[in-house]
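> Fold the following.
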Amino acid sequence: MDMRCRLRAVRWRLDPPLRGRAPRRGPGGGRGRGWLLTALVGLALAAGIVGWLQHQLRPLVEAAARAQAANALTAVIDRAIAADLAERDVDYGDFVTIQRDASGAITAMTTDMAALNQLRAQLVAQILSALEGVDASEIRIPLGSLVDSELVWARGPELRVRALRVGTVSAEFRSDFSQAGVNQTLHRIELEVAVPVTLILPGGQTELTVETGLRVAETVIVGAVPDTYLTLNGAA
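Got it, this is the predicted structure:
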């Protein structure tokens, strides 16, 4: 009986109860939570910097995208009109008839508006067909171009326009008279085209209208042109 009590007393001294003892932490437990907090703070700072840069660069990106889109679409429109007119082989006399009296003085200038309207409809259809092949991915903006430095100009990662939507194409003929020499007047008939466009950029979209004009027909008129024709705003 005494031997059992002694053994229990020894065990008690060698292995005291765990009551009140602080639990042990696994290796690296505190450091793990510290790294997580640091990562969260880093992500928050990165998001803030990206947002600030986007706010600062947004006007520059938008201006660059508008300029590139306008240049690209203007080139497409001009090529489409020039190719169509060359194929049709149109001439000034197809649209305007000049009448003179016995002395050679101009008495009337008659415009065939039906022929002009038909040509306008055909050219607009040709423009729309050409614009369908325009790929928005062709509009790219190197980040270096947003910085006023020749060292990084047109270099670095590229921002791309995600989408390009073309609205209804409008086209109107304009008649222009200008002095071409002594008693000579240059008469030009031009087609003015306006195309509304929507560009979808990182962070939003922007609207613009691409405007361009191309000469359809012209001639040099010898003799005095009546003032009533010189002041016309539309086609003669």
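
> As a check, name the ranges of all helices in the chain.
2-14, 29-88, 113-131, 227-230 (DSSP state H).

> Lowest average confidence across the ones you listed, which one?
The weakest mean pLDDT among the helices of the chain belongs to helix 2-14, with a mean of 50.

> got the contact list for the nearest residue to E218 once chain neighbours are set aside?
Nearest residue to E218, sequence neighbours excluded (CB to CB, 6 or more residues apart in numbering): R188, at 4.3 Å. For every residue, glycine as well, the C-beta is placed using N, CA and C. With contact taken as CB atoms under 8 Å, 6 or more residues apart in numbering, R188 is in contact with 175-178, 215, 217-218.

> again with S178
Applying CB under 8 Å, 6+ apart to S178 gives the contacts 185-186, 188.

> Can you tell me which of those comes closest to E62?
Using CB to CB, R188 comes nearest to E62 of the contacts of S178, at 34.8 Å.

> The closest one pairs with what?
Under DSSP bridges, the beta-bridge partners of R188 are D176, E218.

> Tell me how far F95 lies from P196.
Per CB to CB, to the nearest Å, F95 is found 28 Å from P196.

> what bridges to L164?
Here L164 sits in beta bridges with L199, going by DSSP bridges.

> pLDDT value on it, please?
80.

> same deal with L199?
Here the pLDDT value assigned to L199 is 86.

> Tell me which residues touch it, please.
Shown in contact with L199 (CB under 8 Å, 6+ apart): 65-66, 69, 136, 139, 161, 163-164, 205-208.

> any idea of the pLDDT on the nearest residue to R66 once chain neighbours are set aside?
Leaving out its chain neighbours, the residue that sits closest to R66 by CB to CB, 6+ apart is L208, at 5.0 Å. Note on L208: pLDDT of 90.

> roughly how far apart are L208 and R162?
Applying CB to CB to L208 and R162 gives a distance of 16 Å.

> OK, contacts around the nearest residue to R174 once chain neighbours are set aside?
Closest residue in space to R174, ignoring its immediate chain neighbours: E190 at 5.0 Å, by CB to CB, 6+ apart. E190 makes contact with 173-174, 176, 213-216, according to CB under 8 Å, 6+ apart.

> Looking at those residues, which one is closest to L40?
Of these, the one sitting nearest to L40 (CB to CB) turns out to be G213, at 57.1 Å.

> Run through the bridge partners of the nearest residue to that closest one once chain neighbours are set aside.
The shortest distance from G213 to any non-neighbouring residue, by CB to CB, 6+ apart, is to E192 (4.5 Å). Legend: beta-bridge partners of E192 under DSSP bridges are E172, G213.

> I am finished for the moment; much appreciated.
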